[in-house]
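**Student:** Attaching a predicted model along with its sequence, questions to come.
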Amino acid sequence: MTLALLSRAAPAALLTLMLWPAAVQSQGTDVRLNSVDQESRDAPVEVISNQLEVDQLAGTALFTGDVVVTQGEIRINAPEMLVQYIMLPDGSVSSEVDTITANGGVLMVTPTEEAESDDAVYTPARDEVVMTGNVLLTQGPNTVNGTRLTVDVTTGEGRMEGRVRTVLQPGSDSE
């Protein structure tokens, strides 16, 4: 493991944290999500895991074992996070992230919301997060769940798919 890839790996894995949804409003299968506030995005990022494996040749950094990522008031938990860097035509590894994949049960928590799924993939080139498997978004007493949530992290627009169930409590702020 070299420090060059390691120093790129931790901040890259946390792009997910900075860009994941923080608020949910639902109309059928389309969802509107707000981005994380600027103060949290500017806060230091910390990754804690039981193990980190860096493969320079493959261009990957794998955090395993009770991975906890925090930035400001935001926290993401997953058993495993894999950062994959873009491979260049000459076989070298770029410093740009191709994808960040969290597996085995993903939980993202902000002071007022939660997002859960079996797996999640962030693709920076498309500014897209895809959460799959038992997706549940919660804001206060309101919930939206389905099997797949795709979110454009730039616009905050998203789409929940797969037998979507929305529960809106009367008198809540998200109606």
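**Tutor:** Nice, I can see it.

**Student:** ok but Asp90 is inside a helix, no?
**Tutor:** No - with the criterion set as DSSP: H, G, I helix; E, B strand; the rest coil, the secondary structure at Asp90 is coil rather than a helix.

**Student:** can you pull the pLDDT of it?
**Tutor:** The confidence metric pLDDT takes the value 93 at Asp90.

**Student:** cool, the one 5 residues further on as well?
**Tutor:** Predicted confidence (pLDDT) for Ser95: 87.

**Student:** Let me know whether it touches Tyr85 as I believe.
**Tutor:** Yes - checked against C-beta atoms under 8 Å, the pair Ser95 and Tyr85 is within contact range at 7.0 Å. (C-beta placed from N, C-alpha, C; glycine too.)

**Student:** Compare neighbour counts for the two and give me the winner.
**Tutor:** Neighbours were counted for Ser95 and for Tyr85 using other C-beta atoms under 10 Å; Tyr85 has more, 22 against 12.

**Student:** Can you tell me how far that one is from Thr143?
**Tutor:** With distances defined as C-beta to C-beta, to the nearest Å, the gap from Tyr85 to Thr143 amounts to 36 Å.

**Student:** quick one: buried residues of the longest strand belonging to the chain?
**Tutor:** Of all the segments assigned as strand in the chain under DSSP state E, the longest by residue count is strand 74-87. Under the neighbour-count criterion of 16 or more other C-beta atoms under 10 Å, strand 74-87 has Ile74, Arg75, Ile76, Asn77, Ala78, Pro79, Glu80, Met81, Leu82, Val83, Gln84, Tyr85 buried.
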